[in-house]
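# show me the folded form of this:
(one chain, ligands or ions: 1)
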Amino acid sequence: MDKIRFATVWLAGCSGCHMSFLDLDEFLIDLADLVEVVYSPVACDLKHYPDNVDVCLVEGAVANQDNLDLLYEVRRKTRLLISFGDCAVTANVPALRNRLSESAAGVLDRGYLELADTNPQRPYAPGIVPELMERVTPLHEIVPIDIFMPGCPPSADRIRATLEPLLQGRTPTMAGREMIKFG
Ligand code: SF4
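Take a look at the predicted model:
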């Protein structure tokens, strides 16, 4: 039987959701028998997201141009996309900057000009530092999402309860406190 082509992606998040994924402990060994990890910051250092991915967990919100480009690519090449954690589902912590200003320029000015003690200047590294989006947004405002898995981070139990049915060809039931409580 062909293994499921499995990926995880890290956008604008703290990597805590990926740390929770690693808390799956011995289930990771079971998982390794069933899936081929084709892209993940915790397992391989590929520069490009591959074609024909079956399942992908996407952590983090969309905060910059790199996040946006990667999310479009992931959606195009992935059969089942899971919005993984509160930052992906609601934009959560990265979106705190949305309250500060309607624009990325306003946020940068506040951080690098108004609050600078010495040498106020905007960071400038074209082609190296990706451009900030004007607003930080959750994934579903940009691409269709198949499954929402909230949590900051989602517990290992919740991750397992989501992935296990999927690996058996069933749809997980994302309902009830254990599966969809935020925070
Ligand atoms: S949902 Fe929480 S743990 Fe996950 S990336 Fe966001 S802040 Fe970190």
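# all helices of the protein, in order?
16-22, 27-34, 65-77, 86-90, 104-109, 156-167, 177-180 (DSSP state H).
# list the buried residues of the third one.
This points to helix 65-77. For helix 65-77, a neighbour-count test (16 or more other C-beta atoms under 10 Å) marks 67-68, 70-71, 74-75, 77 as buried. C-beta: built from backbone N, CA, C; applies to glycine.
# what does the chain have sitting close to the ligand?
Listed as neighbours of the ligand in the chain under the rule C-beta under 6 Å from any ligand atom: 13-14, 16-17, 59-60, 85-87, 92-93, 152-153.
# Cys17: neighbouring residues, count only.
Using other C-beta atoms under 10 Å, Cys17 has 25 other residues around it.
# alpha carbons only: can I get stretch 139-149 in PDB?
Provided in PDB are the C-alpha atoms of stretch 139-149 (Å, rounded to 0.1, in the frame of the first residue of the first chain):
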ATOM      1  CA  LEU A 139      -5.700  30.900   6.500                       C
ATOM      2  CA  HIS A 140      -9.400  30.500   5.600                       C
ATOM      3  CA  GLU A 141      -9.600  34.100   4.500                       C
ATOM      4  CA  ILE A 142      -7.200  33.300   1.700                       C
ATOM      5  CA  VAL A 143      -7.700  29.600   0.700                       C
ATOM      6  CA  PRO A 144     -10.300  26.900   1.300                       C
ATOM      7  CA  ILE A 145      -9.600  24.900   4.400                       C
ATOM      8  CA  ASP A 146     -10.700  21.200   4.800                       C
ATOM      9  CA  ILE A 147     -10.400  20.800   8.600                       C
ATOM     10  CA  PHE A 148     -10.000  23.400  11.400                       C
ATOM     11  CA  MET A 149      -8.000  22.300  14.400                       C
END
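# and the gap between Tyr72 and Cys44?
Between Tyr72 and Cys44 the distance is 21 Å, computed by C-beta to C-beta, to the nearest Å.
# ah, wrong one, I meant Gly183
From Gly183 across to Cys44, the span is 31 Å (C-beta to C-beta).
# who are the contact partners of the residue sitting furthest away from the middle of the chain?
Most distant residue from the mean C-alpha position of the chain: Thr118, 35.1 Å away (C-alpha atoms, centre = their mean). By C-beta atoms under 8 Å, 6 or more residues apart in numbering, the contact set of Thr118 is empty.
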